[in-house]
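>>> only the shape, not the letters, is given here:
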């Protein structure tokens, strides 16, 4: 009879056979007698690692013993052969599976026309879903666990600084099999993520069809903005608009709040055939036509709100992720997996770093400076204030025109990439190499970077290109994603061990992408910023970090709430998310903004589709400040960027110590902000 342990997720997890301790002890004595001390230690560790995941369906005591005797690499030569073969084969396997996944999602993610029902099925399919399960079933996972060390985060933090590159590669190799997750669980996670991605990718607001009580339109025709990215960026752009920028910003805030509270009429989402007054929340047939083609014949004009779809998608992602919990013994929740496996920074420490930034007295000083510059008290949407970034001699419309002329299509950006990389400080040879390993695609959504998983394939830069050409917002995003791509190429193609490819966590690739994004106007051939402009940019970075730190805290709290109430309904999750957003706002923002119970923080689309991703952004800002400090000292962005990216996937503190000389933390950002504030105040006094 197969013994099982019932799991909270409703799955049955086979129990370990009872004879394992006796059999492992026997093998330790018999095989270990012929080994030196190091070999015996490897054997003992490997036997325990295999026993942790061995099930009765894998075989009886005789099968277990035969497996160990056959596959334990007893000397260094055998271990080297095994390691090298695994490195090579895994690159081929995971590289090709990554390419397959990329192609299957292409219709859903790229600007290639309508998404048909079968496209949704392809996008939700994960071709790698069965790989780990297959490798446990055929024994290859046990071969790895028998011969290479599976380390916890605490062990990596305590001893990793003394490990060689090869030792680190062995640890990362073993971590591929730290969980034995059934294929159906992986497929369910992929499906929930794909459905959430598609929901977000199609969540556009046609801005010309926002009207006020008098029916006036503040936004130009054909302006289609995806939530939340483009809405936020349009809000930011209007700080440079003295005529009606404030009115536009207030209207965008109203739209964002309607999205978060799900009081947005369902009919206005991605629909240019209706006019919507977000304040009164009323809908009428469009009185101004800016859409191609007539309105659908069956279009129903209704004020009925979106039926908590946003929170249903989030709940689906949570439930899919939670189903993995019983199969992840070292990290038994998605929260633990995100922080201990993905970020490799304990959650407690992340929370402390974010709260340290939000508690800084520099915030109040900068808030007063912003109010002086605006000539009015702060309003809630001023969490996105970017007026410290000088518009220079160009307006947003002029920047749009500059970008459209340069990049009428995605191919034009790809062709220009070597020039852009040279301007960033990469040598001509390296710029050419990097550009040859990156392909640019026109994205259906706001854009993202998709790295290759084998050296023979290219990374993909996906950015939104409207029919008239790329606009400045699209270029800004493209430059950010280009930073991801360059990191992806360097940390894969220029790395010493395949198992060390990548960076410690998403925050590092975000930080490196910020380095590119901060120089977007220089890449357009505009003037390099002055010392005063650099100081203002630092204030802008600090203010942006404070904004996204709160968003990260909301994301963390929402996931804890879902774990505490796994049977919640979408309506209950919505109410909880709104309350969490208010609580974080009231604790960290209300005093500066003189407004309580604001619900803007949960507007980020990542909250819905990216499985507890948002804390990576504020951590990324902290890391970016440390990286920028190092680049300024060294004086060459290209050389330093490549050197850092080639460090690979070690722990965050070890990476940062090697890259910039100190562990991850907010000190560099706070120090730079303090100096920048002094510079700006002194300049203003003159």
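Nice, I can see it. What you see is a predicted model, and the numbers here were worked out from it, not measured in a lab.

>>> low-confidence ranges in this structure?
For the chain, the stretches with pLDDT under 70 are 1-15, 390-392, 686.

>>> helices or strands up against the lengthiest helix in it?
Scanning the chain for the longest helix, with DSSP state H as the assignment, gives helix 531-564. Where contact means 3 or more Cβ pairs under 8 Å, 6 or more residues apart in numbering; DSSP states H and E, helix 531-564 is packed against helix 309-322, helix 334-336, helix 347-358, helix 362-374, helix 570-588, helix 606-609, helix 616-634, helix 667-685. In short, each C-beta sits where N, CA and C put it, glycine included.

>>> repeat the analysis, applying 7 Å as the threshold.
helix 334-336, helix 347-358, helix 362-374, helix 570-588, helix 616-634, helix 667-685 (3 or more Cβ pairs under 7 Å, 6 or more residues apart in numbering; DSSP states H and E).

>>> and the next element down the chain from the fifth one?
So that's helix 616-634. helix 637-645 (DSSP states H and E).

>>> which other helices and strands contact that following helix?
Packing contacts for helix 637-645, counted by 3+ Cβ pairs under 7 Å, 6+ apart, involve helix 472-493, helix 506-517, helix 616-634.

>>> would you list these in JSON lines and tack on mean neighbour count?
As requested, these are exported to JSON lines (neighbours: other Cβ atoms under 10 Å):
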{"stretch": "helix 472-493", "mean neighbour count": "25"}
{"stretch": "helix 506-517", "mean neighbour count": "24"}
{"stretch": "helix 616-634", "mean neighbour count": "22"}
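
>>> could you dump those to a markdown table with distance to residue 328?
Output for the helices and strands packed on helix 637-645, formatted as a markdown table (distance: least, Cβ to Cβ, whole Å):
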| stretch | distance to residue 328 |
| --- | --- |
| helix 472-493 | 25 |
| helix 506-517 | 19 |
| helix 616-634 | 20 |
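
>>> out of the ones you listed, nearest to residue 341?
For those, the distance to residue 341 is smallest for helix 506-517, at 11.8 Å, taking Cβ to Cβ.

>>> centre of the chain versus the helix or strand following that closest one, how much separation?
Downstream of helix 506-517, the first helix or strand assigned by DSSP H and E is helix 520-523. Centroid separation for helix 520-523 versus its chain: 24 Å, with Cα atoms, centre = their mean, to the nearest Å.

>>> re earlier: specify the angle between the longest helix of the chain and helix 309-322 in degrees.
Relative orientation of helix 531-564 versus helix 309-322 (axes from the mean of the first three to the mean of the last three Cα atoms, to 10 degrees): 70 degrees.

>>> got the contact list for the spatially closest residue to residue 541 that is not a sequence neighbour?
Nearest residue to residue 541, sequence neighbours excluded (Cβ to Cβ, 6 or more residues apart in numbering): residue 621, at 6.4 Å. By Cβ atoms under 7 Å, 6 or more residues apart in numbering, residue 621 lies in contact with 514, 541, 544, 545, 548, 669.

>>> how near is the fourth one to residue 622?
Look at residue 545 and residue 622: by Cβ to Cβ, to the nearest Å, they are 7 Å apart.

>>> now the last one
As defined by Cβ to Cβ, residue 669 lies at a distance of 6 Å from residue 622.

>>> same check on the third one?
Counting by Cβ to Cβ, the gap from residue 544 to residue 622 is 12 Å.

>>> give me the common contacts of these two.
By Cβ under 7 Å, 6+ apart, no residue touches both residue 544 and residue 622.

>>> picking up where we left off before, of all the helices and strands packed on helix 531-564, which one comes closest to residue 598?
Across the helices and strands packed on helix 531-564, closest to residue 598 is helix 570-588 (Cβ to Cβ), at 4.7 Å.

>>> report all helices and strands that the closest one contacts.
Checking 3+ Cβ pairs under 7 Å, 6+ apart, helix 570-588 ends up next to helix 309-322, helix 531-564.
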